[in-house]
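>>> What shape does this take:
(one chain, ligands or ions: 2)
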Amino acid sequence: MTEDAHAHTSYSDGAGLPRMVDAAADAGLDAIGFTDHCGVDGARREERLLWNRNFDRTYERRREALAVAADRAPELTVYDGVEMDYAPAAATAIESFLEAAGFDYAIGSVHYVDGRHAFPFESFADEDDAARDAFVDAYYDAVVSLAESDLFDVLGHVDLIEDHPALRGRTTDAHRRRVAAACAETGTVPEINAGRTGDRGEFDDLHPASPFVETFRDHGVRFVVGTDAHDPGDFTGRLDRLDRFLATTGIEPLPLSAVVDESSSA
Ligand SMILES: [Zn+2]
Ligand SMILES: [Zn+2]
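Ligands and ions are numbered 1, 2, ... in the order given. Model (predicted):
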C-alpha cells in the first residue's frame, strides 16, 4: 500500500490537476490526497488575490474537477484535502471555514510567524543568534498551538525552519517534546514530508529530521507520509526516498482511510 498524504495542484501553486493525477497513478500510488494551500487570514488576503491563490473560494470547483478526473485513474483513490496556513489568531476563522468546507482531511502548516514568512533564505542574514532563536521559539509556539487546537488531522512539515540555513540546528529537545506531547494529546498526526529532498532543496532531508521522529515515537505518535509534490516530476524520487526511510526505521504509516474516518467523526 503506497499512499501520499500531501500534494498540490494548480488550485494553489502546483501543476495542472490532470497532470498531477496522471503522475500519481504512474508513480504507482494507491491513494493520494490533494492538499492545496489555503489561507483565511485577513492579513494576506491581497497577496493571495494577486497570485490567484484563493483556494478558500475555489475548493468547490476543485472538488468537481477531482470527480471528473477520477475516470483518468480508476485504480487511484483520490482524497479531497487541504493544507491550511495556521496562525493562532486565525484559529476561529479556520474552524468555521473547515466546518463549512467539509474536506476529507486537513493538514495544518505554519509558514508564517507573526505575519513573517520563514523564507526566503536571505531573510535572517542581518540578525544575530538571539533574534534567530527567538523566531524559532515563536515558530514552535505556533506549531504547539496548532496541535493543541485540534483543528487539523495532520501536522505539516513540523520542523520546516530546519530548511533555512540561518535557522537550522536551532530546534531543541524542549521544542520536540512540547510538539510531540500536544500531538499525542489531540491525536494530530505529523507527516513525514519529502518536499525538501533531492536537487531542489539544499536541505536534502526529510521533515522532521531524525531526532524529532524519535521523540514522536517515544510519545506513541503515528505518522502519514507526503511528497509535497508540486510538479509531476516530484513523485518518483520522493516516494523512493520515503520508502527507504520507512524500510530503515520500520515505521508503518497510518493509512489515509483512518485519517479520513477520524476526520469525519471529529
Ligand atoms: Zn507547506
Ligand atoms: Zn505543501
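>>> alpha carbons only for contacts and neighbour counts from here, please
Fine.
>>> just for this structure, where's the confidence low?
Within the chain, the stretches with pLDDT under 70 are 121, 199-202, 265-266.
>>> Which stretches in it count as helices?
Using DSSP state H, the helices found in the chain span residues 17-26, 45-50, 55-69, 91-101, 129-149, 173-186, 210-218, 235-249, 256-265.
>>> okay, the angle between the longest one and helix 91-101?
Taking axes from the mean of the first three to the mean of the last three CA atoms, to 10 degrees, one finds that helix 129-149 is oriented at 40 degrees with respect to helix 91-101.
>>> Report the inter-axis angle for helix 129-149 versus helix 173-186.
Calculated by the same axes, to 10 degrees, helix 129-149 forms an angle of 10 degrees with helix 173-186.
>>> Which other helices and strands does helix 129-149 contact?
On a contact count with 3 or more CA pairs under 8 Å, 6 or more residues apart in numbering; DSSP states H and E, helix 129-149 meets strand 112-113, helix 173-186.
>>> thinking again about what came up before, want to throw the helices of the chain into a markdown table with distance to residue 197?
Shown next, in a markdown table, are the helices of the chain (distance: least, CA to CA, whole Å):
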| stretch | distance to residue 197 |
| --- | --- |
| helix 17-26 | 18 |
| helix 45-50 | 27 |
| helix 55-69 | 26 |
| helix 91-101 | 30 |
| helix 129-149 | 22 |
| helix 173-186 | 21 |
| helix 210-218 | 14 |
| helix 235-249 | 7 |
| helix 256-265 | 22 |
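>>> Looking at those helices, spot the one closest to residue 36.
Residue 36 lies closest, by CA to CA, to one member of those: helix 55-69, at 7.1 Å.
>>> Between the helices of the chain, which one is closest to residue 164.
Shortest distance between residue 164 and the helices of the chain, using CA to CA, is found for helix 129-149: 10.8 Å.
>>> State the distance from the closest residue to residue 145 other than its chain neighbours to residue 13.
Excluding the flanking residues, the one nearest residue 145 by CA to CA, 6 or more residues apart in numbering is residue 88, at 6.5 Å. Taking CA to CA, to the nearest Å as the measure, residue 88 falls 24 Å from residue 13.
>>> How about residue 217?
Distance, residue 217 to residue 13, using CA to CA: 32 Å.
>>> ok, now residue 52?
In this view, residue 52 and residue 13 are 9 Å apart by CA to CA.
>>> Dump the helices of the chain to TSV, plus distance to residue 6 and mean neighbour count.
What follows is the helices of the chain, written out as TSV (distance: least, CA to CA, whole Å; neighbours: other CA atoms under 10 Å):
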stretch	distance to residue 6	mean neighbour count
helix 17-26	11	20
helix 45-50	20	12
helix 55-69	15	15
helix 91-101	17	14
helix 129-149	18	19
helix 173-186	18	19
helix 210-218	18	17
helix 235-249	11	16
helix 256-265	11	14
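>>> For residue 33, find the nearest of those helices.
Judging these by CA to CA, what sits closest to residue 33 is helix 256-265, at 8.3 Å.
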